[in-house]
Every structure is written in C-alpha cells, then in structure tokens.
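>>> Need the 3D shape of this:
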Amino acid sequence: MSEDIGLPISHRQRLWLYAFGGLVLLFLIAPSVIIVIMSFSDSTLLQFPPRQWSLRWYESYFQSLEWRDATIVSLKVAVMTALVATPLGTAAAYAINRGTLRFNGAINALLTASLIIPVILVGIGTFFLYARIGLNNTLTGLVIAHTVQALPLVVLTVLSGLRSYDMNQERVARSLGAGRIAAFWQVTMPQIRFSIVSGALFAFITSFDEVVVSLFISGGETTTLTRRMFNALRDQIDPTIAAISTCLIVLSVALLSLAQIFGRRH
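Numbers count the residues shown, from 1 in each chain. Reported below is the predicted structural model:
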C-alpha cells in the first residue's frame, strides 16, 4: 500500500482546481461587469469599452416617466409577491417537515414543479387561463403568477432551515400549554427566521427580475420593468437598459448581502 495514502493534499496540488474555479467565476461574472461598464458610456449605442464616460443614461432612466412607472409596478408586485409567498411557503415547508400529510411526497413535488416546467410553458398556460377569468394586465394576476414561481424557493429555503431545527423544542413548549401557533411563533420561528428572511428575499428578487411570464400577462399600466426593458431592446438598442441592468445587479447584490449579514448576527 502506498505511503502517500492519508496525507493531506497541498495547495500546489490543488492549483489546477483553483485555476478552473477562477475561470468559471470569471465566465459567470464577466457579462455583468461588461454591462456595468457600458452603462457609464456616453455613446448612443451599447459600446465596450466606452470611448467617453458619462452618467447620461442613469439620468435618462430616473427622469423618464415611463421607466419610473414600470419600476413602481415591478416594486409593488415584488413586495406583494414576497408578502404572499413567504407565509404560504413557510406553512407548506412546516407541514412537509412534520411529515404528517398523507401525500407528503406528491405535495412537495407539486409545490416545486414550477422549477422544473419551462417558464415559457408557464407563461402560455397562465395567459390562456387569465384570458378566461379576466386577470391579464392586472396587478392581481401578476402577483398570483409570480407567487407560483417564487413559492418553491421559499419552501426549499425554509425547509432547509427546519431540517437543522430540533422539533422537540416546539413539542416541549406545547406540552407546557402553548398552542401550535404560539409554539411556532415563540419557539420555532425565532430559530429559523434567517431561512424565512432569505426565502422572502428570494421571492422578491424572483418577482422583480421575472420577464417571460410578464411578457404574456402584463401590459398597459401594469407593464413591468423587465417587460419594458425587453421591448426597448427589441425595438431599439437603448443604452438606458445597461443603466437599469446595473441598478438591478446592485439591488440583488445588496439584498443578498443584507441577508448574509442578518444571518451572521442571528
């Protein structure tokens, strides 16, 4: 038997792995970095690298009434989606974790089905359903559709937190006279709140960044920011899109960073 068995692998031996990981990260991050740099260009076309630097496209975004209205719609829908998907997903994850449901596996698969089904099929099906019940081009329809897409992320995130939580603590609280809701609120939720907050942030980001379903069911006064960006990119190459994309990147990174900071403190 070789004497090298059991010896730790040195950093030099892992150098190829570090290099490969760095290339993968560069491949994933490079497009976003390019978009951010192009957003500061003074050119009327998307140009990289910029010949002159300017904030004109950020000014164009914040001063445009159409872009502002679309941003407000997206923010409203994202906030309402988070408010609806978070309690529903938390309750579903709690029930699945307890394992008392008769068709526990089937329910879990049904809740996470939207992660497997192609989004274009979800968009088409939602459009035809909403056409029958009159929910196309409405905030209510957008919130329901985005909740369906965000719910699996909340369920999986909260379920992950519940897997590492000792349910005996809640049982002890109930044995001392606390009701099920009171025991969950006072004992369980404080210990899994990082998972709940993370699920809410995922729901918000999923709704705010969603574009495919919104292309089918939003329009007019309920046009979302991502739909307007898609239309602008299709009709004309407007560098304002690069400025908006940069704002979305900053927002997503900021929210995820806040979630990590919140988790470390708790």
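
>>> quick one, strands of the stretch 151-266 of the chain?
Shown for the stretch 151-266 of the chain, no strands are assigned by DSSP state E, counting those that start in this stretch.

>>> Next up, the contacts around residue 38.
If you count contacts by CB atoms under 8 Å, 6 or more residues apart in numbering, residue 38 has them with 46, 47, 48, 50, 239, 242. Bear in mind the C-beta positions are built from the backbone N, C-alpha and C, glycine included.

>>> With adjacent residues omitted, what lies nearest to it?
residue 242 (4.6 Å; CB to CB, 6 or more residues apart in numbering).

>>> how many neighbours does the one you found have?
24 (other CB atoms under 10 Å).

>>> was I right about it contacting residue 58?
No. At 9.7 Å, residue 242 does not count as touching residue 58 under the criterion of CB atoms under 8 Å.

>>> got any residues that touch both of those two?
Counting by CB under 8 Å, 6+ apart, the residues touching both residue 242 and residue 58 are residue 39.

>>> out of the contacts of residue 38, which one sits closest to residue 164?
Distance ranking of these against residue 164, using CB to CB, places residue 242 first at 41.0 Å.

>>> what pLDDT does the closest one get?
Each residue has a pLDDT score; the one for residue 242 is 80.

>>> Please name the residues that touch the residue nearest to residue 38.
Contacts of residue 242 by CB under 8 Å, 6+ apart are 35, 36, 38, 39, 41, 46, 57.

>>> Residue 130 contacts residue 140, correct?
No. Judged on CB under 8 Å, residue 130 makes no contact with residue 140 at a distance of 9.7 Å.

>>> Looking at these two, which has the bigger crowd around it?
For the pair residue 130 and residue 140, the greater number of neighbours falls to residue 130 (20 against 13), based on other CB under 10 Å.

>>> Just give me the neighbour total for residue 257.
Counted with other CB under 10 Å, residue 257 comes out at 10.

>>> what are the ranges of the helices in the stretch 101-250 of the chain?
Counting by DSSP state H, counting those that start in this stretch, residue ranges of the helices within the stretch 101-250 of the chain are 104-111, 119-133, 139-163, 168-175, 180-183, 189-209, 212-217, 225-235, 240-265.

>>> Indicate which one of those helices is closest to residue 21.
helix 240-265 (19.9 Å).

>>> Could you check the closest one and say which residues are buried?
Buried residues in helix 240-265, counted by 16 or more other CB atoms under 10 Å: 240, 241, 242, 243, 244, 245, 246, 247, 248, 252, 255, 259.

>>> One more: stretch 54-65?
Applying a neighbour-count criterion of 16+ other CB under 10 Å, one finds 56, 57, 58, 61 buried in stretch 54-65.

>>> Output those residues as JSON lines; include the columns secondary structure and pLDDT.
Rendered in JSON lines, the data for these read as follows (DSSP: H, G, I helix; E, B strand; the rest coil; pLDDT from 0 to 100):
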{"residue": "56", "secondary structure": "helix", "pLDDT": "77"}
{"residue": "57", "secondary structure": "helix", "pLDDT": "79"}
{"residue": "58", "secondary structure": "helix", "pLDDT": "83"}
{"residue": "61", "secondary structure": "helix", "pLDDT": "81"}
